[in-house]
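**Q** need a 3D model of the sequence below.
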Amino acid sequence: MLTSLLMAVHVIGVVMWIGGVVFVTLIIFPMIMRMEQSFEKVMFFQGTEHRFAKIAKVCVFLVGLTGGLLLWRTGEHRILFTLQGIGPTIMLLVWTFYVLVLLFEAKVFKAVFSGKAQQDTELIFRRLTQFHYVVMGLSLLAIAVGVGAAHYSP
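**A** The predicted structure follows:
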């Protein structure tokens, strides 16, 4: 029963977190790129990112907590970083990447939106869009590998 509950919370957290990343990448960034005023782009991005970051942090925490508990309860922690444990290993690596991004997000945004960014917001948002596509790809890979690993029976 506890494992099922942990799995449900884990999957809901992943859906909210990665769904938000996909929404930001495929909807928000194209909207920003169509805006004409640099100040408007920056304000819209900061407002959206600030709101989503809170949700993402909660989801990333829950996904990490439930994922760790699931690894422990199922004994899969023993197969991490092996070929047999490729699914949980990729999920762990993607989760770790997100934790690092979220921990250093304020410093990164401060650096990104200072200096040259004030003069060339188009370039900055192009780079941020490219970064989000990479992050989205890694996230979808982790989901695909996780689902595949969960349904694979040797």
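**Q** now the lengthiest helix in the chain: buried residues?
**A** In the chain, assigned by DSSP state H, the helix with the most residues is helix 38-74. Residues of helix 38-74 classed as buried: 38, 41-42, 45, 48, 52-53, 56-57, 59-60, 62-64, 66-67, 69-71 (neighbour count, 16 or more other CB atoms under 10 Å). Where you see a C-beta, it was placed from the backbone N, CA and C, and this is true even at glycine.
**Q** ok, stretch 27-34 next?
**A** Buried residues in stretch 27-34, counting neighbours by 16+ other CB under 10 Å, are found at 28-29, 32.
**Q** filter those down to the ones in strands?
**A** Assigned to strands by DSSP state E, none of the buried residues of stretch 27-34 qualify.
**Q** that older thread, helices or strands up against the longest helix of the chain?
**A** helix 2-23, helix 29-34, helix 86-103, helix 105-112, helix 121-151 (3 or more CB pairs under 8 Å, 6 or more residues apart in numbering; DSSP states H and E).
**Q** would you turn those into a markdown table with distance to Ile79 and mean pLDDT?
**A** Output for the helices and strands packed on helix 38-74, formatted as a markdown table (distance: least, CB to CB, whole Å; pLDDT from 0 to 100):
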| stretch | distance to Ile79 | mean pLDDT |
| --- | --- | --- |
| helix 2-23 | 17 | 96 |
| helix 29-34 | 37 | 94 |
| helix 86-103 | 7 | 92 |
| helix 105-112 | 32 | 75 |
| helix 121-151 | 10 | 89 |
